[in-house]
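Asks: model this:
(one chain, ligands or ions: 2)
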Amino acid sequence: MRLYNTLTKKIEKFEPYDKNEVKMYTCGPTVYHYAHIGNLRTYIFEDILEKTLEYIGYNVKRVMNITDVGHLSGDSDTGEDKMLQGAKRENKTVEEIAHYYTNAFFKDLEKLNIRKPKYIEKASELIDMYIEIIKKLLEDGYAYISNGNVYFDISKAQNYYLLSGKKPDELIIGAREDVNLDESKKNPHDFGLWFTTSKFENQAMQWDSPWGRGYPGWHIECSGIAIKHLGEYLDIHCGGVDNIFPHHTNEIAQSEAYLGHKWCKYWLHGEHLNVETGKMSKSTGEFLTLSLLEKKGYDPLAYRFFCLQSHYRNQLVFSYESLDMAANAYQKLLNRIKQIKESKDGEVNKKQIIKYQEAFKKGLENDLNTSTALTVLYDVLKDQELNNNTKLYLIKDFDKVLSLDLLKDKEVEISDEMIKYIEKMIEKRKEAKKNKDYELADKIRDELKEKGIILKDGRDETTYEIKKIGEDKNV
Ligand code: AMP
Ligand code: ZN
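Replies: Numbers count the residues shown, from 1 in each chain. Ligands and ions are numbered 1, 2, ... in the order given. A predicted model of the protein is given here:
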């Protein structure tokens with residue numbers, strides 16, 4: 001297996017510390033809002049990584065944090081706690097917000113066939129661990145107290161700028177650091193380990209500590225959770241590219257200072273999903289969620305397919321046109337597999353299986369090249385020398401990693417949102433016809449057809465039929 005390591009800026013052979021168990025840490029969501037489909041792209045990439053490692057024979061222990069401690073958003077107007085922002089926005093308590101959006105996140109994972117990590121830790125539940133780490137960092141001279149807060153002194157860290165590969169003045173201070181605290185730091189990149197004096201009234205959760213009542217910095221939570229669950233040696237740490245600096249840079253600095261040795265071997269970062277107008281983010285710009293895509297009639301797995309078509313280290317621009325193309329290709333793929341399923345024949349050919357498994361593995365082992373892996377799947381479908389049982393064996397096998405429900409007979413599940421959407425479109429089309437805007441009426445009919453919804457114009461009213469793989473059902 002070869003993976004691109006952000007730390008060395010090279011594609012490297014993957015060799016875990018302990019070949020019996022790969023220890024993998026993936027940064028989780030801040031649960032003050034829904035995950036957007038960009039965040040979900042990163043979780044899809046991590047899911048593929050975990051399943052590929054398993055496919056090639058490793059056991060994987062994967063841990064993820066849930067950030068429910070609100071951190072100050074230095075780039076927001078008020079610079080207040082993000083969790084509190086969520087609570088105010090929805091007139092709920094911070095706990096309710098965390099609970100609601102954590103569940104919403106898990107639902108998104110399920111819909112995208114992303115396996116929920118076995119070990120999930122809420123940031124708010126490991127405060128003692130962070131305090132223990134911070135105490136040691138202070139004792140060993142890696143941290144200092146200024147203006148009541150505890151800061152990590154980056155001048156004491158070895159190779160602080162290695163991960164980002166940038167010069168100090170090329171890096172802006174992380175958006176999540178409270179910019180107002182700058183004057184109390186020795187170096188602008190020093191980062192908070194424990195805050196006591198920042199805008200308290202804007203901080204929802206507080207705990208007692210040897211330095212006074214307050215709350216931990218953002219970065220310490222991932223180091224604490226990773227070390228607690230995975231021990232002193234970590235094989236893989238993942239996140240999106242925005243995590244490289246300051247988050248992962250600071251995690252390395254504090255973890256290695258605390259442990260006294262090198263910590264994580266491979267740092268993997270997924271590139272962003274952008275919209276045509278630019279960046280997608282929770283606080284600014286366009287905010288597309290999975291449930292929005294569903295409301296528009298898309299199968300979540302069509303989005304997964306869309307992501308798998310491109311390499312995780314390439315930026316991906318989202319548009320409905322490109323999602324439509326992926327959704328059509330995905331539907332065609334399922335239809336083709338359905339035909340194969342309907343005429344099972346022949347003995348499974350072991351030699352062919354090994355040949356294709358090797359090709360599939362080769363793609364994934366080459367820094368997770370999912371589009372090559374998909375090509376191998378298409379090659380299997382095309383190969384006239386393969387009997388259908390051999391094809392089905394391989395499809396099932398590849399789907400352990402791809403997780404596209406390739407063999408599942410999808411019962412047509414129609415959500416209330418979907419019904420509302422179809423009815424709204426039928427109404428819009430009726431209106432268009434009334435106004436003699438036949439172009440628009442046809443456009444609506446064609447758009448619905450692309451989504452597998454066939455309109456039937458009766459004498460008095462329009463009914464519809466949903467055609468998907470598996471059964472066709474009238475509704
Ligand atoms: P957050 O909930 O903001 O902490 O982000 C959760 C994960 O999504 C992190 O690993 C981020 O690096 C990643 N992420 C944030 N924005 C994007 C984006 N536009 N595309 C892909 N991944 C993203
Ligand atoms: Zn993290």
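Asks: where does the stretch 301-450 of the chain come near ligand 1, residue by residue?
Replies: Taking Cβ under 6 Å from any ligand atom, no part of the stretch 301-450 of the chain reaches ligand 1. Just so you know, the C-beta spots here come from the backbone N, C-alpha and C atoms, and that holds for glycine as well.
Asks: could you show me where the strands are in the stretch 301-450 of the chain, in order?
Replies: 316-318 (DSSP state E, counting those that start in this stretch).
Asks: cool, the stretch 51-200 of the chain as well?
Replies: Here the stretch 51-200 of the chain has its strands, by DSSP E, counting those that start in this stretch, at 60-66, 119-122, 143-146, 149-152, 191-195.
Asks: Indicate which one of those is closest to F398.
Replies: Closest to F398 of the strands of the stretch 51-200 of the chain, according to Cβ to Cβ: strand 60-66, at 18.5 Å.
Asks: Which other helices and strands does the closest one contact?
Replies: strand 22-26, helix 37-55, helix 94-111, strand 119-122, helix 218-230 (3 or more Cβ pairs under 8 Å, 6 or more residues apart in numbering; DSSP states H and E).
Asks: again, 10 Å this time
Replies: If you count contacts as 3 or more Cβ pairs under 10 Å, 6 or more residues apart in numbering; DSSP states H and E, strand 60-66 packs onto strand 22-26, helix 37-55, helix 94-111, strand 119-122, helix 218-230, strand 234-240.
Asks: before we move on, the earlier item: quick one, which of the strands of the stretch 51-200 of the chain gets closest to ligand 2.
Replies: With Cβ to the ion as the criterion, ligand 2 lies closest to strand 60-66 of the strands of the stretch 51-200 of the chain, at 6.0 Å.
Asks: so how far is that closest one from its chain's centroid?
Replies: With Cα atoms, centre = their mean, to the nearest Å as the basis, the distance from the averaged C-alpha position of strand 60-66 to the chain average is 13 Å.
Asks: avg pLDDT for that strand?
Replies: Average pLDDT, strand 60-66: 98.
Asks: Measure how buried the closest residue to Q315 other than its chain neighbours is and give me the count.
Replies: Nearest non-adjacent residue to Q315, counting by Cβ to Cβ, 6 or more residues apart in numbering: E271, 4.8 Å away. For E271, the count of nearby residues is 18 (other Cβ atoms under 10 Å).
Asks: Tell me where the model's unsure across the stretch 301-450 of the chain.
Replies: 410-415 (pLDDT under 70).
Asks: so which residue of it comes closest to ligand 2?
Replies: Y312 (17.7 Å).
Asks: okay, stretch 92-112 in CSV with CA atoms only?
Replies: What follows is stretch 92-112, C-alpha atoms only, in CSV (Å, rounded to 0.1, in the frame of the first residue of the first chain):
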residue,chain,number,x,y,z
LYS,A,92,-32.2,25.4,22.4
THR,A,93,-29.6,24.5,25.0
VAL,A,94,-26.0,23.8,24.0
GLU,A,95,-26.5,20.1,25.1
GLU,A,96,-29.6,19.9,22.9
ILE,A,97,-27.8,21.3,20.0
ALA,A,98,-24.9,18.9,20.4
HIS,A,99,-27.2,15.9,20.8
TYR,A,100,-29.3,16.9,17.7
TYR,A,101,-26.4,17.5,15.4
THR,A,102,-24.5,14.5,16.5
ASN,A,103,-27.4,12.3,15.6
ALA,A,104,-27.9,14.2,12.3
PHE,A,105,-24.2,13.5,11.6
PHE,A,106,-24.6,9.8,12.3
LYS,A,107,-27.7,9.6,10.0
ASP,A,108,-25.7,11.2,7.2
LEU,A,109,-22.9,8.6,7.7
GLU,A,110,-25.5,5.8,7.5
LYS,A,111,-27.1,7.1,4.4
LEU,A,112,-23.7,7.3,2.7
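Asks: Can you lay out the strands of the stretch 51-200 of the chain as a markdown table showing mean neighbour count and distance to ligand 1?
Replies: Output for the strands of the stretch 51-200 of the chain, formatted as a markdown table (neighbours: other Cβ atoms under 10 Å; distance: least, Cβ to the nearest ligand atom, whole Å):
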| stretch | mean neighbour count | distance to ligand 1 |
| --- | --- | --- |
| strand 60-66 | 22 | 9 |
| strand 119-122 | 17 | 14 |
| strand 143-146 | 18 | 24 |
| strand 149-152 | 25 | 20 |
| strand 191-195 | 27 | 16 |
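Asks: Return the residues in contact with E342.
Replies: N388 (Cβ atoms under 10 Å, 6 or more residues apart in numbering).
Asks: Quick check: it vs D397, distance?
Replies: Distance of E342 to D397, computed by Cβ to Cβ, to the nearest Å: 20 Å.
Asks: repeat for L323
Replies: From L323 to D397 the distance is 27 Å (Cβ to Cβ).
Asks: So which of these two has more stuff around it?
Replies: Neighbours were counted for L323 and for D397 using other Cβ under 10 Å; L323 has more, 19 against 16.
Asks: So that one is in contact with R304, correct?
Replies: No - using Cβ atoms under 10 Å as the test, L323 is too far from R304 to be in contact (11.3 Å).
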